[in-house]
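In: Provided below for reference: sequence and predicted model.
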Amino acid sequence: MSNRMHLSDTMQTTCPHCNSIFKLTTDHLESARGQVRCSECMQVFNALLSLENFTGEFDDSLIQLQHVEKQNQQPEVSKDESVEESTDEPVSLKQAMYGDNYSSANNFRPLLWVAGILLLVITVIVQTVYYQRYTLISSPHYQQQILNLCQILPCDESRFSNLAQIKLLERNIFTHPTRKNALMVSGSFVNKASFSQAIPSLLISLSDTQGNFIANRLFKSEEFLADKTLNRLKPGKPVQFRLEILDPGSEALAYEFEFYS
């Protein structure tokens, strides 16, 4: 092919080493005297030897798509005056076409992708925690995170509950001072959770020395609270209780206390 052939504004050339095809313009060839480097296989070759004009009609969107897919395969143009022997480092055709700003934008593109992916992952995690907040609140590991989230997003804290964090502090069982065949039960418990909770019911179970069940009874909060005005358990504040039960006799020696919602 003659190097003096008529050149259109947009042409294509083929790397003889890896057969990669690149688009370039007459300005690139004139500035580099045809000497380019393939950024696919990094071999230097003379683009004039395989230069071809574009012919026919082309879809602009297709041309643009091909450019994006091949942008990392653009050949580099040499600054040397010699066509056959080049001693200077060739210049990238991308940089020659679009300037230094194009390269800078491409350098930041992977960082933008990473930032976007991290933002998406964080969003998914926050949404999952928020939609499962009433279930996850029962785990002490997630309580503080959920409470922090509820300071930003709407939450119904009256639905927060974890009976396992309501702890019995003390209990006393003794003969009723004024009633016959009755016992007085008193004590205190505390809410160990980081949020307020509804006042639970109290189940008292009786068993003998062999661990055999004798009887039990479930008491509602209004039956055992010493402070009748209390409507919720605040975090870390002990609550006193007191109630009366029938004396089961000498067989009942073990008493078990449990909280129920």
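Out: Yes, it's here.

In: Report pLDDT for the residue nearest to I21 when sequence neighbours are not counted.
Out: Nearest non-adjacent residue to I21, counting by C-beta to C-beta, 6 or more residues apart in numbering: T14, 5.3 Å away. No exception for glycine: its C-beta is placed from N, CA and C like everyone else's. With respect to pLDDT, T14 has a value of 85.

In: What count of nearby residues applies to L206?
Out: L206 is flanked by 18 other residues according to other C-beta atoms under 10 Å.

In: swap in L246?
Out: Applying other C-beta under 10 Å, we find 12 residues neighbouring L246.

In: My read is that it contacts M184, right?
Out: No: using C-beta atoms under 8 Å, L246 makes no contact with M184, being 11.6 Å away.

In: Phi first, then psi, for the residue of the chain positioned farthest from its centre.
Out: Note on the chain: the largest C-alpha distance from the chain mean falls to K180, namely 63.4 Å (C-alpha atoms, centre = their mean). The phi and psi torsions at K180 (degrees, to the nearest 10) take the values phi -80, psi 150.

In: How about L51?
Out: Per degrees, to the nearest 10, the backbone of L51 is at phi -70, psi 140.

In: follow-up on the earlier one: pull up the gap between the residue nearest to I21 and A47, please.
Out: 9 Å (C-beta to C-beta, to the nearest Å).

In: likewise T229?
Out: Computed with C-beta to C-beta, the distance linking T229 and A47 is 91 Å.

In: When the two are compared, which one has more neighbours?
Out: Remark: of T229 and A47, A47 carries more neighbours, 25 against 5, as counted by other C-beta under 10 Å.

In: residue contacts, the more buried one?
Out: A47 makes contact with 13, 24, 29, 34-36, 75 under the criterion C-beta atoms under 8 Å, 6 or more residues apart in numbering.

In: Please name the nearest non-neighbouring residue to it.
Out: A47's closest residue in space is T13 (C-beta to C-beta, 6+ apart), at 4.1 Å.

In: which SSE is that neighbour in?
Out: Element membership of T13 [criterion: DSSP states H and E] is strand 10-14.

In: what packs against that strand?
Out: The contact analysis (3 or more C-beta pairs under 8 Å, 6 or more residues apart in numbering; DSSP states H and E) places strand 10-14 against strand 21-25, strand 52-53.

In: on that earlier part again, okay, the contacts of A47 in JSON lines with neighbour count next?
Out: Shown next, in JSON lines, are the contacts of A47 (neighbours: other C-beta atoms under 10 Å):
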{"residue": "T13", "neighbour count": "24"}
{"residue": "L24", "neighbour count": "22"}
{"residue": "L29", "neighbour count": "20"}
{"residue": "G34", "neighbour count": "20"}
{"residue": "Q35", "neighbour count": "25"}
{"residue": "V36", "neighbour count": "29"}
{"residue": "P75", "neighbour count": "28"}
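
In: Single out whichever of those has the smallest pLDDT.
Out: Among these, P75 has the lowest pLDDT, at 49.

In: Would you map the helices across the stretch 51-200 of the chain?
Out: Assigned by DSSP state H, counting those that start in this stretch, the helices in the stretch 51-200 of the chain fall at 60-70, 93-98, 100-131, 133-136, 140-150.

In: No further questions, thank you.
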